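Undergrad: this one's sequence-less:
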C-alpha cells in the first residue's frame, strides 16, 4: 500500500491539491471525497490548504513579480498575463469592496477562487486585514457549494 492510499496520504493529497492555483478546493473536495474521505473532512482539509497561500500572495506577490521580471525577461509576458487577469477580475472588487472580493472567491467557477482573490487584492493594494476576512468567507462558502455539488443535499445532510 502506497502512502497516498493511507488515511494520512489521502488527507495530504487533498491538502496539496487545494493549494494548487486553478484546481484549489474546487478539485480537492471531490478528489478527497472520491478517495474515501468523509465529505466534511475533505472540505475542512481543502479549506485549510486553500487558505494557506493567501496571506503570502497578498503580501509578497508584487515583489515576486518584480523579481521575476528582473531576473528573467522571458517571464515578463507570463507576469503581465497574471496582472491582466487580476485587472479583468477586479471590477467587482472595485465596485463592491469586501462583498465583491467575497463573491469573486465564493463562486466556484473557473477563474475565481482564493488565488485569484488574493491576486486581485494585492493588485488593488488591499491590506491583509481587510482582504483576508473576505477571502476566508468566500473560501468557506465555495467549500459548502462544492460539497453540495459533489454529494447533493441528501448525502450532505441525511447520508
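TA: Perfect, I can see it now. Computed from a predicted structure; not experimentally measured.
Undergrad: check what pLDDT the closest residue to residue 90 other than its chain neighbours gets.
TA: Taking Cβ to Cβ, 6 or more residues apart in numbering, and ignoring the residues beside it in sequence, residue 90 has residue 120 as its nearest neighbour in space, at 4.9 Å. Placement of C-beta: from N, CA and C, glycine included. What the model reports as pLDDT for residue 120 is 97.
Undergrad: need the contact list for residue 120.
TA: 86, 89, 90, 93, 101, 104 (Cβ atoms under 8 Å, 6 or more residues apart in numbering).
Undergrad: between these, which has the most around it?
TA: Going through the contacts of residue 120 with other Cβ atoms under 10 Å as the criterion, the one with the most neighbours is residue 101, at 29 neighbours.
Undergrad: torsion angles phi and psi at the spatially most central residue of the chain?
TA: Here the mean C-alpha position of the chain is nearest to the C-alpha of residue 114 (Cα atoms, centre = their mean), at a distance of 3.1 Å. The phi and psi values for residue 114, taken as degrees, to the nearest 10, are phi -60, psi -40.
Undergrad: correct me, but it touches residue 138?
TA: Yes - using Cβ atoms under 8 Å, residue 114 makes contact with residue 138 at a distance of 7.3 Å.
Undergrad: shared neighbours, these two?
TA: Here residue 114 and residue 138 have residue 105 as joint contacts, going by Cβ under 8 Å, 6+ apart.
Undergrad: so how far is the helix or strand containing residue 12 from its chain's centroid?
TA: Counting by DSSP states H and E, the element that carries residue 12 is helix 7-18. Centroid separation between helix 7-18 and its chain, computed with Cα atoms, centre = their mean, to the nearest Å, is 15 Å.
Undergrad: do the same with stretch 11-30
TA: The chain centre lies 9 Å from the centre of stretch 11-30; the measure is Cα atoms, centre = their mean.
Undergrad: list the contacts of it.
TA: For stretch 11-30, using Cβ under 8 Å, 6+ apart, the contacting residues are 3-4, 31-32, 35, 37, 39, 41-43, 45-50, 52-53, 108, 110, 113-115, 139, 142-143, 146-147, 150.
Undergrad: and if we set it to 6 Å?
TA: Under the criterion Cβ atoms under 6 Å, 6 or more residues apart in numbering, residues 4, 31-32, 42-43, 45-46, 49-50, 53, 108, 113, 115, 143, 146-147, 150 lie in contact with stretch 11-30.
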